[in-house]
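Q: Here's a sequence, model it:
(chains A and B)
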There are 2 protein chains.
Amino acid sequence: MSDAFQDHYADTFAHCYGCGRLNADGYQLKSYWDGEESVCRFEPRPYHTGGFPEYVYGGLIASLVDCHSAATAAAAKARADGHALGSRPLDRFVTASLKVDFIKPTPLRTICLRGRVVELTKRKAIVQTTVAVDGVVCASGEAVMVKLPDPS
Amino acid sequence: MSDAFQDHYADTFAHCYGCGRLNADGYQLKSYWDGEESVCRFEPRPYHTGGFPEYVYGGLIASLVDCHSAATAAAAKARADGHALGSRPLDRFVTASLKVDFIKPTPLRTICLRGRVVELTKRKAIVQTTVAVDGVVCASGEAVMVKLPDPS
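A: Down below sits the predicted model:
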């Protein structure tokens, strides 16, 4: 197995268009640890333009923040519980609320997201994310994630 | 011309994956007035699933709220300025911040968004939106939209 967080979701929870490894049509987003931060890179397609060409549409930014935050929450929970990545399926977190601040237009090039868990309890995590292109932060996000019950 | 808000963006601003009529690969979202509210319906594709099948992924909800809010802001500005829809290109609003609250899972069926402008100034609009399926509200959004300068 890879060390991408999303590769360790149970099959039941791996159908997301944004990050599900079982969704052949989706983005198949992959997030990894980089120290205390989680990191994820995404290559937008040429048609992911916003209102005018050369920049990314806001909905894509929101999608990336959302999926990366869910995975970061799950990986942080596993780490806090002392479970090595890959030793068991990750818990699945879903989004209770998502806030994205658009700081400047995001160019249609490789997007790098970095996440940090700022609060973690048994059932909830708050994840803050930056969205950057070529090292310039174009947007930031905060997501409140809630753990789903284990699949039966 | 149709009476969908997005059909009245200047060509320069009509490339958005979510709502641009000139983006052949995108959703081509269409928003309309229904009294004081703006309304928009969207048919998710079978692969727009969230973590598990039968429900929509959160990023799509955020995308729809974002684009519908931008169009609602533009149409409300035109209405406040006394310009009939279609009499001139709409101003183009972009998102400063977007907040989405996910109340319950959104089924993979026709999604209906309803928007309402709660604040409108020369350059800014705040739009609140509900996201419903079969009359049940599954999410709500609030977007702060800022008007772009006119295209040169």
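
Q: Render the CA-only coordinates of the top strand by length along chain A in PDB, please.
A: Longest strand in chain A by number of residues (criterion: DSSP state E): strand A:136-147. The C-alpha trace of strand A:136-147 is given here as PDB (Å, rounded to 0.1, in the frame of the first residue of the first chain):
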ATOM      1  CA  VAL A 136       2.500  32.000  -3.100                       C
ATOM      2  CA  VAL A 137      -0.500  31.400  -0.900                       C
ATOM      3  CA  CYS A 138      -3.700  32.100  -2.900                       C
ATOM      4  CA  ALA A 139      -6.400  30.800  -0.500                       C
ATOM      5  CA  SER A 140      -6.800  29.500   3.000                       C
ATOM      6  CA  GLY A 141      -9.300  27.100   4.500                       C
ATOM      7  CA  GLU A 142     -10.700  26.000   7.800                       C
ATOM      8  CA  ALA A 143     -12.800  22.800   8.000                       C
ATOM      9  CA  VAL A 144     -14.600  21.300  10.900                       C
ATOM     10  CA  MET A 145     -14.500  17.500  10.400                       C
ATOM     11  CA  VAL A 146     -16.600  15.000  12.300                       C
ATOM     12  CA  LYS A 147     -15.800  11.300  12.500                       C
END
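
Q: Grab the nearest non-local neighbour of A:Lys124.
A: In space, and not counting its chain neighbours, A:Lys124 is closest to A:Val146: 5.6 Å by CB to CB, 6 or more residues apart in numbering or on different chains. Backbone N, C-alpha and C define where each C-beta goes, glycine included.

Q: Could you do A:Lys104 as well?
A: Here the residue nearest A:Lys104, using CB to CB, 6+ apart, is A:Cys138, at 5.2 Å.

Q: which ones are touching that neighbour?
A: Residues in contact with A:Cys138 (CB atoms under 8 Å, 6 or more residues apart in numbering or on different chains) are A:61, A:102-107, A:131-132.

Q: from the residues you listed, which would you call buried?
A: A:61, A:102-103, A:105-106, A:131-132 (16 or more other CB atoms under 10 Å in any protein chain shown).

Q: So for the residue lying closest to A:Gly59 once chain neighbours are set aside, what's the pLDDT?
A: Leaving aside its chain neighbours, A:Gly59 sits nearest to B:Ser63 (2.6 Å; criterion: CB to CB, 6+ apart). On pLDDT, B:Ser63 comes in at 98.

Q: Assumed B:Ser63 was part of a strand.
A: No. Secondary structure assignment (DSSP: H, G, I helix; E, B strand; the rest coil) places B:Ser63 in helix, not in a strand.

Q: Describe which strands the helix or strand where A:Ser97 lies pairs with in its sheet and in which direction.
A: Element membership for A:Ser97 (DSSP states H and E) is strand A:93-102. Using DSSP bridges, strand A:93-102 pairs in its sheet with strand A:136-147 (antiparallel), strand B:93-102 (antiparallel).

Q: tally of neighbours for A:Cys40?
A: Here the neighbour count serves as a burial measure; for A:Cys40 (other CB atoms under 10 Å in any protein chain shown) it reads 26.

Q: Flag every buried residue along the helix or strand harbouring it.
A: Using DSSP H and E, A:Cys40 sits within strand A:37-42. For strand A:37-42, burial by neighbour count (16+ other CB under 10 Å) applies to A:38-40, A:42.

Q: how about those in a markdown table, adding pLDDT and distance to chain B?
A: Shown next, in a markdown table, are the buried residues of strand A:37-42 (pLDDT from 0 to 100; distance: CB to the nearest CB, whole Å):
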| residue | pLDDT | distance to chain B |
| --- | --- | --- |
| A:Ser38 | 98 | 17 |
| A:Val39 | 98 | 19 |
| A:Cys40 | 98 | 13 |
| A:Phe42 | 98 | 12 |
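
Q: Specify which member of the residues you listed is nearest to A:Asn23.
A: A:Phe42 (14.8 Å; CB to CB).

Q: The closest one bridge partners, please.
A: A:Ile111.

Q: the strands in chain A, which residues?
A: Counting by DSSP E, the strands of chain A are A:31-34, A:37-42, A:93-102, A:111-120, A:124-133, A:136-147.

Q: buried residues in the last one?
A: Buried residues in strand A:136-147, defined by neighbour count with 16+ other CB under 10 Å: A:138-147.

Q: ok, now the third one?
A: For strand A:93-102, the neighbour count (16+ other CB under 10 Å) marks A:93-95, A:97-100, A:102 as buried.

Q: re earlier: of the strands paired with strand A:93-102, which is nearest B:Leu120?
A: Taking these one by one with CB to CB, strand B:93-102 is closest: 10.5 Å.

Q: Distance from the closest one to the middle of the chain?
A: Offset of strand B:93-102 from its chain centre (CA atoms, centre = their mean, to the nearest Å): 10 Å.
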